[in-house]
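Colleague: Starting from these lines, generate the structure:
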Amino acid sequence: MCSISTNKTANKQLKKLERSNDKKKIERRLFLFANEADICVSGALDNLECSMTRKPPELKGVKKKQIGRHRVYYTGHHTKCSYFSFYIKLFKKSDKNKEDDPKFHKKLIRALNEEPIKTIAS
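Modeller: So this is what the prediction gives:
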């Protein structure tokens, strides 16, 4: 049973989803994904490399999971029994925040450098 934590940026993005119930859905799914893994057994959050091309070295090890229409960016591995969700790309119909855009990479790096402040529980 592993844990998953979030930072200030991810919490702000989740707060934007409160009215649509997507916040509860994302938190529940992240908890279940982390909960199914332990030190000996990998889970759904392992081995999902991010599909960004030309990604900077600061984003090495970043993974992405699609939950509903949203993308959750996180780090961590089951051998450490913890995951850190640091950015949630909210669904948008426009191509804002394209994954290969250097501006988007800077946003991810800033969010990645924030400290975890909350652990998602059942």
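
Colleague: residues in contact with T75?
Modeller: Taking CB atoms under 8 Å, 6 or more residues apart in numbering, we find T75 in contact with 61-63, 83-84, 86, 112. Yep, even glycine has a C-beta here, placed from its N, CA and C like the rest.

Colleague: By neighbour count, which of those residues wins?
Modeller: The residue in those with the most neighbours, by other CB atoms under 10 Å, is Y83 (27 neighbours).

Colleague: Tell me how far it lies from I67.
Modeller: According to CB to CB, to the nearest Å, Y83 stands 13 Å off from I67.

Colleague: shared neighbours, the two?
Modeller: L30.

Colleague: Farthest pair within the contacts of T75?
Modeller: Y83 and L112 (12.9 Å; CB to CB).

Colleague: Just the ones in strands from the contacts of T75, please.
Modeller: Members of the contacts of T75 lying in strands (criterion: DSSP state E): 63, 83-84, 86.

Colleague: Of these, which is the nearest to L14?
Modeller: Ranked by distance to L14 (CB to CB), these are led by F86 at 12.0 Å.

Colleague: Next one: that closest one relative to N21, how far apart?
Modeller: 23 Å.

Colleague: repeat for Q13
Modeller: 15 Å.

Colleague: more neighbours, these two?
Modeller: Q13 (20 against 10).

Colleague: wait, isn't the more buried one in contact with L90?
Modeller: Yes - contact status for Q13 versus L90: in contact at 6.1 Å, counting by CB atoms under 8 Å.

Colleague: All set, thanks.
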